[in-house]
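Student: sequence first, predicted model second:
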Amino acid sequence: MKSLMSLVRNVLIDIEDMSSASTLRDYKTIAKRVEDEGLSFLTISLANFGKDLQKGLDRGFVAPSDYVGFHRSGALPRLFGGLLERIFDNESGVLLDTPCVASIAGLYQITSMFSKLEVPCSDARIAKAIQAYVECDAGVKVSDLTFKGELREQFAKTSQILFSNVLRKIEQAALNEQLIPRHGPGKVAEKLSYNRKFDSMHWTTRLEHVFPHMRWMYPSYSVGLSEPFGSVDIREPGAETPVRVVTVPKTLKAPRVIAMEPTCMQFVQQSVSQALMQEIESDFLIGSMIGFTDQIPNQEMARLGSLDGSLATLDLSEASDRVSNQHVLELFGQTDLLTEIVQACRSRKADVPGYGVIRLAKFASMGSALCFPVEAMVFLTVVFMGIARELNVPVTPKLVSRFKGSVRVYGDDIIVPAEFAVSVSKTLDLLGYKVNTTKSFWTGLFRESCGGDFYAGNRITPIKLRHEVPVRQGRAEDVVAFSAFRNQLYFAGYWRTVRWIDSYLENILDGIYPAVETTANAVGKHTLLPVMGEKECSDLHRPLVKAYVLKSKPRVDKLEGYGALMKFFLKKGQKPILGDHLIHAGRPQSSSLKLRWTPTY
């Protein structure tokens, strides 16, 4: 906590320099509340303060219901009063005609800096998150009761106009056996290591109808014929392995709930997922409206929306867990074979801690390879349903083309023209989705999408500390993360904080923390000044510095036989696989810092 409070103090002094507002009393208040409330004040209470700032910027005034838990002086909280008075009028709480952008950026930085700190939650918060997962799925079942008649027909027609071209191509690829299954890097329900996935002998009867195991589980058909009869365990629907629901650290407020798919399901999901993403991003009609790999277009559209108010940014709560399988059935309903494929590789049940195995109404939980592309397709469909309702016209290819450049979906980050934000939000709600009102903006000049935050065209994205401040050199990953945090602050102009971090890391790293280029594979400080080496490499004649480099101990994961041959045939791209990939695979077993001479770039 002492290190965190030193970080807070230095960031506040930098904010003082940028905004000319005193923050000394603010630091004393924060220190007192951290002493009383602990880390939760930094990670939860201050983060809520930042969310209320966003709402005030969006609506144009501070509401009486904002800043709960903070004493007020006039219309504004006492904490950060000097900064807030440069943004809002203290008497009325109304947004100033020309609010100080430096004060907005600084206030947003200090309140959001610890919001994503990855620390374990309490057992009570974990239990609450699991309960919310179960309740969310129950809510999907309720909303499915209203998904019928005209609403269902409109969803089907809209999705057909948007995706018929894409789905026909993928169905043809499936008929021609061009869909290539793969094993993803994520964990699976059976707790298999990465290489062990290639030896998995589990399949399902549902998969067998569309992906016969003789074709997909062996490196060649002849190998399948040579295997003893019954070596593959083909399971009936009632005996299928359910997804395994687990939690992973996200914030102190709540963990992230994900579901680990069975190996065979994940194997097939990857083939459909890759085909969907490639075909959608290259489609002439919707290619510019859905993103899977590049967040920059969303961020640029959010910046433009903050500049003139023309575009709205919408965010959904529990987005993937609210995508109903009924919606997906209609989405793919125009292609019978693809519908069967998608349903065959969808897990129907989940093993939930404390609740046992439950039947799922949602299409897929976070962890399925199809979750991300399919939810984006569903959300784009609903967006155009909302636009068509507002205009009172049917959805046509001409209408869709009209909104190129003003509609985009990346996961659950949605951008639409501001005049349709209310209609789209209502349509999302009608279909059972929950618009996160604290992170959706369309009335003021604040916008946020895909990690980019903007006010009046100015980027005010906060730099967030995601790992704990390292206390010793042995915490290698924390040291690397803290150095990366320092480098982000450097380019944002937090000079005093950067000097403090430099001194802190030099103390941990025995005084060895040199300046390096941004491309260097070393723990070092980035700079706008010329980087000088300490000596020259005698072989390659390039500048070298003595620095710590992150070294990882690979995890032993031996693979041989037909599984090794299968891995070779399924590799991506033209580049050769690393020579020891049949011996080592998966996340490193451990990491450490090694001192060595390394290039400055």
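Tutor: Looks like it arrived, so ask away. Numbers count the residues shown, from 1 in each chain.

Student: where does the stretch 101-250 of the chain dip in pLDDT?
Tutor: Residue ranges of the stretch 101-250 of the chain with pLDDT under 70: 221, 224-225, 227-230.

Student: if we use 80, what do you get?
Tutor: 220-230 (pLDDT under 80).

Student: quick one, phi/psi of the residue lying closest to R587 once chain neighbours are set aside?
Tutor: Spatial nearest neighbour of R587, excluding adjacent residues (Cβ to Cβ, 6 or more residues apart in numbering): R555 at 6.5 Å. Heads up, the C-betas are built off the backbone N, CA and C, glycines and all. Phi and psi for R555, reported as degrees, to the nearest 10, are phi -80, psi 130.

Student: R555 reaches Q589, doesn't it?
Tutor: Yes: using Cβ atoms under 8 Å, R555 is in contact with Q589, at 4.6 Å.

Student: the two: which has the busier surroundings?
Tutor: For the pair R555 and Q589, the greater number of neighbours falls to R555 (16 against 12), based on other Cβ atoms under 10 Å.

Student: list the residues that contact that one.
Tutor: S193, H584, A585, G586, R587, P588, Q589 (Cβ atoms under 8 Å, 6 or more residues apart in numbering).

Student: quick one: it from F485, how far?
Tutor: 27 Å (Cβ to Cβ, to the nearest Å).

Student: likewise E153?
Tutor: According to Cβ to Cβ, E153 stands 51 Å off from F485.

Student: and for L207?
Tutor: From L207 to F485 the distance is 45 Å (Cβ to Cβ).

Student: please say which of the two ends up with more neighbours.
Tutor: Legend: neighbour count by other Cβ under 10 Å for L207 and F485, higher for L207 (23 against 20).

Student: before we move on, which element is the more buried one in?
Tutor: helix 205-210 (DSSP states H and E).

Student: now whichever helix or strand comes after that helix: how far from the chain's centre is it?
Tutor: The element immediately downstream of helix 205-210 (helix or strand, assigned by DSSP H and E) is helix 213-216. Helix 213-216 has its C-alpha centroid displaced from the chain centroid by 34 Å (Cα atoms, centre = their mean, to the nearest Å).

Student: can you give me the buried ones in helix 213-216?
Tutor: Going by neighbour count (16 or more other Cβ atoms under 10 Å), the buried part of helix 213-216 is H213, W216.

Student: what packs against that helix?
Tutor: Helix 213-216 sits against helix 221-226, with contacts defined as 3 or more Cβ pairs under 8 Å, 6 or more residues apart in numbering; DSSP states H and E.

Student: direction included, what does whichever helix or strand comes after the helix it packs on pair against?
Tutor: Remark: after helix 221-226, the chain's next helix or strand is strand 233-235, criterion DSSP H and E. Partners of strand 233-235 in the sheet, by DSSP bridges, are strand 202-204 (parallel).

Student: contacts for the partner strand?
Tutor: Here strand 202-204 makes contact (Cβ under 8 Å, 6+ apart) with 190, 213, 217, 232-237, 240-241, 262-265, 344.

Student: name the member of those with the most neighbours.
Tutor: C264 leads the contacts of strand 202-204 on contacts (other Cβ under 10 Å) with 30 neighbours.

Student: that's all I had, so thanks and see you.
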